[in-house]
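[1] Build me a model:
(chains A, B, C and D)
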2 protein chains.
Amino acid sequence: MNNALIRKLESFEALSDGDRAALSALSLKTREVGPRTDLISVGDNPEDVHLILDGYACRYKLLDEGQRQIMAVLVPGDFCDLNVFILDQMDHTIGTVSQCQIVKIPRKAIEEIMANHPAITKAFWWCSLVDEAVLREWLVNIGGRPSNHRIAHVLCEIFMRLDAVGRVTGNSYTFPFTQMDIADMTGITQVHVNRTMRELKNSGLITLKQRVLTIHDVGQLKAYCNFNQNYLHLKNARWSDRRNVPWPKLAQDG
Amino acid sequence: MNNALIRKLESFEALSDGDRAALSALSLKTREVGPRTDLISVGDNPEDVHLILDGYACRYKLLDEGQRQIMAVLVPGDFCDLNVFILDQMDHTIGTVSQCQIVKIPRKAIEEIMANHPAITKAFWWCSLVDEAVLREWLVNIGGRPSNHRIAHVLCEIFMRLDAVGRVTGNSYTFPFTQMDIADMTGITQVHVNRTMRELKNSGLITLKQRVLTIHDVGQLKAYCNFNQNYLHLKNARWSDRRNVPWPKLAQDG
DNA sequence: CGACTTATTGATGCACTTCAAGCGACGTGG
DNA sequence: CCACGTCGCTTGAAGTGCATCAATAAGTCG
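    Reported below is the predicted structural model:
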């Protein structure tokens, strides 16, 4: 079984066979969840920890004005609520985007692992801290970049994170997000996402066909939006940065 | 000694006398740092954990275009880099805003505490998770609110967090932030911050005089920007929410 | 096939940016 | 003690990136 979690943790810290076995044991009872379904809602205090084995989900909050702000994208290998031990209740909701395969891990199982497998415990900490680092970069993204770079940056990040868990084939990955989803991630409107995506497509940076996104030249797209992967804290990333390579100004509507 | 850290941790979990003594022992060798000074920079791998005892600092990143994005405000009782054990290097910088009193705590001291004081260990986890929750709310703030609400929200949050460590007198607190600082927190320009702050002042919501900010009616300001303190995960907050109380539309330049 | 969601496109408006200039407070050095 | 530079704040005028409104086209699914 191709367990995304193990792969992800190993990208940070070497695991023993015993560690791997303990982690594999967690993923026995998987569950299929349809797209656009909430896994955990605001105010919940879940008894189990949710782990995503396949598919995409996202963290979001609903504002009083009815709009949705997506605060994180969850890909295979990501925990939804490792914090369940500490905080009293969820301050946001987690919902699937595509169909997902998930596991509900009892608190006890996690506690047992953390008691007996220091390497895994450390790796769990790492997961939580990387989540935070990603969040910080999203803040920079929304706060400081124009909409075209903003979207490109999200596309780059998802690419890198999927690649780390072996979910990229060639330069392409499954892309079930709607333009509305991207709008809610980046804080721009759906209409403007449409126009900006077109700009990226016309520039030859990306292709999106039948829910598959292709990034023609990863280095180029990264240079375009000043993507610096340091914040992902990956140990063995396949794609080196191509910093300081200026991206030629694009002709409008060319 | 009025230790903000102990006060903050106790707002989450009851501590024993032994716990308190252990925490007090950490704060022996304090250090004064001037305003506008970097404590830890991108790429650093600090040997010690920094704790702020007094004053304000902030996390920030510098974009390639030279602009600064502030990702968090640090108040007395906040750790700068509790993550030092896990991540290889800092992906952002931490700098003081005002003059600060800080302590550098050796990793070993933290490790010792975490080995012997489970209540404190749990509270440290809590700190880290609350930091993350605050970050998420900042994302919502920048991504989904207009500039006047955005600024008001930051003012509310700092108020609540300072209150939790006893740094609020009446409805006022020290406010050393420049308009440029607020601009970099909220992702709007300094000029527009100026105009928006004026709007808040003219509305009678706040007063800012000689670096002291006064919020005339906390409930009102919270209602104005839809501030919901849940995300701070405070156990014993003094200020209840006044939700669903519509804020009357303000006359322009009234 | 019909209902519904998602994507596309155009026209218009506004919140915020950009540029620019002036002002007061503060510190520093001649 | 005043000249001078710096820094933070203020204000005006003009421009623009993105939002809003609206209508149509293109999937997608039961």
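
[2] Strands along the stretch 151-254 of chain A, start to end?
    For the stretch 151-254 of chain A, the strands defined by DSSP state E, counting those that start in this stretch cover A:172-174, A:206-209, A:212-215.

[3] Which positions in chain A make contact with DNA strand D?
    Contact residues (CB under 7 Å from any atom of the strand) of chain A with DNA strand D: A:Pro146, A:Ser147, A:Asn148, A:Gly187, A:Ile188, A:Thr189, A:Val191, A:His192, A:Gln210, A:Arg211. All C-beta spots, glycine's among them, are computed from the backbone N, C-alpha and C.

[4] DNA strand C next: which of those residues are close?
    Okay, of the residues of chain A next to DNA strand D touching DNA strand C (CB under 7 Å from any atom of the strand), that's A:Val191.

[5] Just flag the most distant two among the residues of chain A next to DNA strand D.
    A:Pro146 and A:Gln210 (28.6 Å; CB to CB).

[6] Comparing the two, which shows the higher neighbour count?
    A:Pro146 (11 against 6; other CB atoms under 10 Å in any protein chain shown).

[7] Spell out which parts of the stretch 101-250 of chain A neighbour DNA strand C.
    Within the stretch 101-250 of chain A, the positions lying close to DNA strand C (CB under 7 Å from any atom of the strand) are A:Thr178, A:Gln179, A:Met180, A:Gln190, A:Val191, A:Asn194, A:Arg195, A:Met197, A:Arg198.

[8] hmm, back to that, closest to B:Lys29 out of the residues of chain A next to DNA strand D?
    Minimum distance to B:Lys29 across the residues of chain A next to DNA strand D is 43.5 Å, recorded for A:Gly187 (CB to CB).

[9] wait, what's in contact with the closest one?
    The contact partners of A:Gly187, by CB atoms under 8 Å, 6 or more residues apart in numbering or on different chains, come to A:Gln69, A:Ile142, A:Arg150, B:Ile142, B:Gly143, B:Gly144.

[10] Only the buried residues of the lengthiest helix in chain A, if you could.
    If you go by DSSP state H, chain A has its longest helix at helix A:118-144. The neighbour-count check on helix A:118-144 (16 or more other CB atoms under 10 Å in any protein chain shown) flags A:120, A:123-144 as buried.

[11] Kindly report the same for stretch A:14-27.
    For stretch A:14-27, the neighbour count (16+ other CB under 10 Å) marks A:Leu15, A:Asp19, A:Ala22, A:Leu23, A:Leu26, A:Ser27 as buried.

[12] cool, and stretch A:142-161?
    Buried residues in stretch A:142-161, counted by 16+ other CB under 10 Å: A:142-145, A:147-161.

[13] Report the mean per-residue pLDDT for that stretch.
    Across stretch A:142-161, pLDDT averages out at 98.

[14] returning to that earlier point: in a markdown table, list the strands of the stretch 151-254 of chain A along with mean pLDDT.
    Shown next, in a markdown table, are the strands of the stretch 151-254 of chain A (pLDDT from 0 to 100):
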| stretch | mean pLDDT |
| --- | --- |
| strand A:172-174 | 97 |
| strand A:206-209 | 96 |
| strand A:212-215 | 98 |
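
[15] Among those strands, which comes closest to A:Ala109?
    The nearest among these, by CB to CB, is strand A:172-174 at 29.5 Å.

[16] Identify the residues contacting the closest one?
    With contacts defined as CB under 8 Å, 6+ apart, strand A:172-174 is touched by A:Ser98, A:Ile158, A:Phe159, A:Leu162, A:Arg167, A:Arg211, A:Val212, A:Leu213, A:Thr214, A:Ile215.

[17] just the buried members of these?
    A:Ser98, A:Ile158, A:Phe159, A:Leu162, A:Arg167, A:Leu213, A:Ile215.

[18] From A:Pro46, how far off is A:Leu129?
    As for A:Leu129, its distance to A:Pro46 is 21 Å (criterion: CB to CB, to the nearest Å).

[19] do A:Thr214 as well
    Note on A:Thr214: its distance to A:Pro46, by CB to CB, is 37 Å.

[20] how about the helices of the stretch 51-200 of chain A, start to end?
    Assigned by DSSP state H, counting those that start in this stretch, the stretch 51-200 of chain A shows helices spanning A:107-116, A:118-144, A:147-164, A:179-186, A:190-202.

[21] In CSV: those, plus distance to A:Tyr224.
    Converted to CSV, these look like this (distance: least, CB to CB, whole Å):
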stretch, distance to A:Tyr224
helix A:107-116, 40
helix A:118-144, 14
helix A:147-164, 6
helix A:179-186, 15
helix A:190-202, 9
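
[22] shaky segments in chain A?
    A:1-2, A:236-254 (pLDDT under 70).

[23] ok, the residues of the stretch 101-250 of chain A next to DNA strand C vs B:Asp88, which is closest?
    A:Met197 (34.7 Å).

[24] Next, count neighbours for that closest one.
    18.

[25] pretty sure A:His50 is in contact with A:Leu82, am I right?
    No - judged on CB atoms under 8 Å, A:His50 makes no contact with A:Leu82 at a distance of 9.3 Å.

[26] For B:Arg150, see how far away the residue of the stretch 1-150 of chain A at minimum distance from chain B is.
    Nearest to chain B in the stretch 1-150 of chain A, going by CB to the nearest CB, is A:Gly143, at a distance of 3.4 Å. Taking CB to CB as the measure, A:Gly143 falls 10 Å from B:Arg150.

[27] and for the two, which residues touch both?
    Common contacts of A:Gly143 and B:Arg150 (CB under 8 Å, 6+ apart): B:Ile142, B:Thr186, B:Gly187.

[28] With adjacent residues omitted, what lies nearest to A:Leu135?
    With CB to CB, 6 or more residues apart in numbering or on different chains as the criterion, A:Leu135 has its nearest non-adjacent residue at 4.7 Å, and that residue is B:Leu135.

[29] these two touch, right, that neighbour and A:Arg136?
    Yes - contact criterion CB under 8 Å: B:Leu135 and A:Arg136 qualify, at 6.4 Å.

[30] Mutual contacts of these two, please.
    B:Met71.

[31] Run through the bridge partners of A:Ile102.
    Assessed by DSSP bridges, A:Ile102 has beta-bridge partners A:Arg31, A:Ile52.

[32] Run through the residues that contact it.
    A:Ile102 makes contact with A:Thr30, A:Arg31, A:Val33, A:Leu39, A:His50, A:Leu51, A:Ile52, A:Leu53, A:Gly55 under the criterion CB under 8 Å, 6+ apart.

[33] mind redoing it with 10 Å?
    The contact partners of A:Ile102, taken as CB atoms under 10 Å, 6 or more residues apart in numbering or on different chains, are A:27, A:30-33, A:39, A:50-55, A:57, A:74, A:76, A:80, A:96.
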